[in-house]
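Engineer: Fold the following, please.
(2 chains)
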Protein chains: 2
Amino acid sequence: MGNDKKLVESITSMDVDFAQWYTDVVKKAELCDYASVKGCMVIKPAGYAIWENIQKELDRRFKETGVQNVYMPIFIPESLLNKEKDHVEGFAPEVAWVTQGGLDELQERMCVRPTSETLFCDFYAKDIHSYRDLPRVYNQWCSVVRWEKTTRPFLRSREFLWQEGHTAHATAEEAEERTIQMLNVYADFCEEVLAIPVIRGQKTDKEKFAGAESTYTIEALMHDGKALQSGTSHNFGDGFAKAFDIQFADKDNKLKYVHQTSWGMTTRMIGALIMVHGDNNGLVLPPRIAPTQVVIVPIQQKKEGVLDAAYAVKDALKDYSVKVDDSDRSPGWKFAEHEMRGIPVRVEIGPRDLANGQAVLVRRDTNEKMTVALDTIAQSVGELLDTIQTDMLERARKHREAHTYTATDYESFVKTINEKPGFVKAMWCGDQACEDKIKEDTSATSRCMPFAQEQLSDCCVCCGRPAKKMVYWGRAY
Amino acid sequence: MGNDKKLVESITSMDVDFAQWYTDVVKKAELCDYASVKGCMVIKPAGYAIWENIQKELDRRFKETGVQNVYMPIFIPESLLNKEKDHVEGFAPEVAWVTQGGLDELQERMCVRPTSETLFCDFYAKDIHSYRDLPRVYNQWCSVVRWEKTTRPFLRSREFLWQEGHTAHATAEEAEERTIQMLNVYADFCEEVLAIPVIRGQKTDKEKFAGAESTYTIEALMHDGKALQSGTSHNFGDGFAKAFDIQFADKDNKLKYVHQTSWGMTTRMIGALIMVHGDNNGLVLPPRIAPTQVVIVPIQQKKEGVLDAAYAVKDALKDYSVKVDDSDRSPGWKFAEHEMRGIPVRVEIGPRDLANGQAVLVRRDTNEKMTVALDTIAQSVGELLDTIQTDMLERARKHREAHTYTATDYESFVKTINEKPGFVKAMWCGDQACEDKIKEDTSATSRCMPFAQEQLSDCCVCCGRPAKKMVYWGRAY
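Structural biologist: Down below sits the predicted model:
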């Protein structure tokens, strides 16, 4: 095997250095690369194909709930960004400013959008007049820029791709309903497609979005026990509507402010796929998101009939996304290569298999091998892909459960955070001072107040005063 | 009908003021709106849905030729933009410059990409090592910014959406082949999907892309007789490769420069759809690009069975994109509204139709009505959509042919340009001085040297010296 193993051997083990393992997978699976522009990514074909599948799946789910896609400008004039006080405070320190257009100095500088609430509000103020114009349920797919100091591929970069939904409603109830609906779309997508189990809940005031009345979140646990905020959905109430004067004539002929929401999911989910499912051989992709679901590797491919058989199997698997690797590399090299890229199922077929009317299937997630009959291979592969999808979600769920702890006193809380990577469930009084102290003492943050509340004790784990909420705490990306 | 006609009556007639008619259609069909940011557009749902269909169709055609999608950064550092001399001269005067990131002044300013040749070259220089790495056939879907002084929705805006393909090849022949191949993909797409006939040809040196060795173009004729450059494909030879040092070890172990191409199509094609097919009732969309292909308008919809029948027709037309308009507007209002939006086929169904087991189909492009049997309506609608698609292309082709003239002497050339909107075919010596004089005298430019050359005379229409090429001339958007 010698050289054949080169690709694999050059990855750092995830147990030795998780951060370096992550970087190695990103690089060796050719997902993305650093660009000359500091903190910006080049998303390469293997990475972008995953993003295209994420887009396709999410977009379909959005449209089923009545979402319409639009496109807003890339620039926000400073005066527009300044209209909502909390929002500008949250974003102004981390935007990129355009000050020159062509050869001229601009009269007013503009930022490259870090998010587009202000643009949608500016548009809605002109576009919404009557209750007949509501609800507006718009979304856009675009890139945004946030001038981060430290960056990591997919997880935190100065530019990233995302979708941002922005809605306007006649009533507070309808806005709240849409906020929760979209959070559930994200959660279902993560679990059903990405095989990533998530905790659904609400952010504390300290952690909520700049300008929001309430922020809902889905939180996932990575393999190293750190949390990843995976999608957020915000209810703005009528705060932005008042700042931007977005009013409509209701059925009763009275002018009222609209109620708004926004919600987003980003390319950081590619990072989540790596860190939830990956192993020391590289990426492991769930079948429903994998750009290539099956790779066929012919064995002794120069022997008569082998390549023909490989292509016949590809034809038989026409309902799936399948590649035949008939390159001049050795089978061992190919195995390592396609494992690195995370292709869910490998089909091996050689002269002996052919003689026996069979082929070997190898699962990427468990490395398990099985021999199947060629004449029913489509059914075998279909069932195996389903099994892999289900098992990957279940495995990730078990990992999360095995790394979710509870604490009812502060000493054991701090000890658990420090010694056991994962979520810690603990009660909280609702006071930001306790969140600040916990962050100071442990660098953990409140990830969310889950919808599924439990009464672990009556007292705040930090200050001992009466508890209001159970909170998931953890260190986060 | 009175009020029902309001929507239609408020459009300017295209014969009275074509520019105002265009603006009216853009606005009344709710395709896009101006934003607070000068020269930038808000693309509204009806406009964006057309762009999504353009993307889907083009992307499928690209992938069939081996294109892979990627994503490059939005910013280009000034030093990178400066690397290829002709390129920077072409673009530097019209870019937006970012000079501040967060609270800090940048050490080097960056522009928001006006096009991404320099970013792809920078990436390829690091990423391409061997002939095994070639060809690279990458594309990205994104927005670009060009700081234009005067802007018009879809046709010329400071930000627009597009795709840009960027390829690298081992040989000059392969690069040239790809350049022509992609031009043909654009041309076929325009004719087969948008029903817009195009002239395929090469740009003169004066009109070619900044930094290109040769630029190929497809040129379409709008209803007012002005030309619209609809897609371009550039062969860079090894010029960029030398400027960016993109070399590979060939099979003979020698280091060689790659040969590169780029090609793009933009949201201006939505403007082309309006200006080629639209009429005084609004937008007219070819069936293959229309987000909604059929609208069903129930007549006397409160009468028993009418709405049920309308929805039964929708079910029967499940292979098409169909909407039922059961709003409380009058039928006349609905007719005008859906005509404005360009929906190819309207189905009218009322109590009397129902009793007779039939429905009325109305073609948007000709206003022709026909009565069809309900039990074979899917077949009738399918055939009608095909007919409309074919007829629209044919009508546009006839319009172009009727507005294409030839001139062999300068006096009649100038007179034709001035009096007869359209293309003028005329011979040219190959000297830029004649192009300059023609532009000075008539404001027409050389649109292209068509692949289908004709020998109209032996002499340049401008200077009388020996002619080298037949050129399409015209005023252009």
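Engineer: Pull the contacting residues for whatever residue of the stretch 201-350 of chain A ends up closest to chain B.
Structural biologist: Among the residues of the stretch 201-350 of chain A, A:T267 lies nearest to chain B; the distance is 8.5 Å by C-beta to the nearest C-beta. The way it works is simple: take the backbone N, C-alpha and C, and place the C-beta from them, glycine included. Applying C-beta atoms under 8 Å, 6 or more residues apart in numbering or on different chains to A:T267 gives the contacts A:I43, A:W51, A:F154, A:F160, A:L161, A:W162.
Engineer: for the residues you listed, which one is nearest B:C429?
Structural biologist: Of all these, the one sitting nearest B:C429 is A:I43; the distance, using C-beta to C-beta, is 47.6 Å.
Engineer: Quick check: chain neighbours aside, which residue is closest to the closest one?
Structural biologist: Beyond its immediate neighbours in the sequence, the residue positioned closest to A:I43 (C-beta to C-beta, 6 or more residues apart in numbering or on different chains) is B:Y71, lying 4.0 Å away.
Engineer: how about the helices of the stretch 301-450 of chain A, start to end?
Structural biologist: Here the stretch 301-450 of chain A has its helices, by DSSP state H, counting those that start in this stretch, at A:306-316, A:331-340, A:351-355, A:377-402, A:410-419, A:432-442.
Engineer: A:V144 is in contact with A:F160, correct?
Structural biologist: Yes - under the criterion of C-beta atoms under 8 Å, A:F160 makes contact with A:V144 at 6.5 Å.
Engineer: can you list the residues that contact stretch A:86-97?
Structural biologist: Surrounding stretch A:86-97, the residues in contact under the criterion C-beta under 8 Å, 6+ apart are A:78, A:81-82, A:109-112, A:114-115, A:117-118, A:145-148, A:158, A:209-211, A:239-240, B:75, B:98-103.
Engineer: let's go with 7 Å and repeat that
Structural biologist: A:81-82, A:109, A:111-112, A:114-115, A:117, A:145-148, A:210-211, B:98-103 (C-beta atoms under 7 Å, 6 or more residues apart in numbering or on different chains).
Engineer: Now A:F248: phi and psi?
Structural biologist: phi -140, psi 150 (degrees, to the nearest 10).
Engineer: so how many other residues sit close to it?
Structural biologist: Summarising burial for A:F248: neighbours were counted as other C-beta atoms under 10 Å in any protein chain shown, giving 20.
Engineer: B:L81 versus that one, what's the distance?
Structural biologist: Noted for A:F248: a distance of 46 Å to B:L81, by C-beta to C-beta, to the nearest Å.
Engineer: Count the neighbours of the residue lying closest to A:Q247 once chain neighbours are set aside for me.
Structural biologist: In space, A:Q247 comes closest to A:L255 once its chain neighbours are excluded; the distance is 4.7 Å by C-beta to C-beta, 6+ apart. A:L255: 8 surrounding residues under other C-beta under 10 Å.
Engineer: again, but for the one 4 residues further on
Structural biologist: By other C-beta under 10 Å, 28 other residues sit near A:H259.
Engineer: how about the nearest residue to it, chain neighbours excluded?
Structural biologist: A:A175 (3.6 Å).
Engineer: got a list of what the residue nearest the centre of chain A touches?
Structural biologist: Residue closest to the average C-alpha location in chain A (C-alpha atoms, centre = their mean): A:M269, at 2.4 Å. With contacts taken as C-beta under 7 Å, 6+ apart, A:M269 has the following neighbours: A:I54, A:L194, A:S230.
Engineer: Kindly report the same for A:I196.
Structural biologist: Applying C-beta under 7 Å, 6+ apart, we find A:I196 in contact with A:C190, A:A220, A:A272, A:V276, A:A396.
Engineer: Now it. Nearest residue, chain neighbours left out?
Structural biologist: Sequence neighbours aside, A:C190 is the residue nearest to A:I196 in space, at 4.6 Å (criterion: C-beta to C-beta, 6+ apart).
Engineer: so how far is A:E401 from that neighbour?
Structural biologist: As defined by C-beta to C-beta, A:C190 lies at a distance of 16 Å from A:E401.
Engineer: The two: which has the busier surroundings?
Structural biologist: Neighbours were counted for A:C190 and for A:E401 using other C-beta under 10 Å; A:C190 has more, 23 against 12.
Engineer: who in chain A is up against chain B?
Structural biologist: Counting by C-beta under 7 Å from any C-beta of the partner chain, the residues of chain A close to chain B are A:35-37, A:40, A:42-45, A:48, A:52, A:68-75, A:77, A:80, A:93-103, A:110, A:112, A:122-123, A:143, A:145, A:147, A:159, A:161.
Engineer: Any stretches of chain A with poor pLDDT?
Structural biologist: Under the criterion of pLDDT under 70, the regions of chain A flagged as low confidence span A:1-9.
Engineer: change it to 50
Structural biologist: Counting by pLDDT under 50, the low-confidence segments of chain A come to A:1-5.
Engineer: For the stretch 101-250 of chain A, which segments count as strands?
Structural biologist: A:104-112, A:136-145, A:159-169, A:199-202, A:214-221, A:227-237, A:247-249 (DSSP state E, counting those that start in this stretch).
Engineer: Please name every helix or strand in contact with the shortest one.
Structural biologist: With contacts defined as 3 or more C-beta pairs under 7 Å, 6 or more residues apart in numbering or on different chains; DSSP states H and E, the packing partners of strand A:247-249 are strand A:255-257.
Engineer: Could you give the separation of the strand it packs on from the chain centroid?
Structural biologist: When distances are taken as C-alpha atoms, centre = their mean, to the nearest Å, strand A:255-257 is centred 36 Å away from the chain's centroid.
Engineer: counting contacts, what elements does that strand pack onto?
Structural biologist: With contacts taken as 3+ C-beta pairs under 7 Å, 6+ apart, strand A:255-257 sits against strand A:247-249.
Engineer: hang on, the earlier thing: please check the contacts of A:T267 and keep the buried ones.
Structural biologist: If you count burial by 16 or more other C-beta atoms under 10 Å in any protein chain shown, the buried members of the contacts of A:T267 come out as A:I43, A:W51, A:F154, A:F160, A:L161, A:W162.
Engineer: Spell out which residues sit in contact with the last one, please.
Structural biologist: Pointing back at A:W162 there. Residues in contact with A:W162, defined by C-beta under 7 Å, 6+ apart, are A:V144, A:G264, A:M265, A:T266, A:T267.
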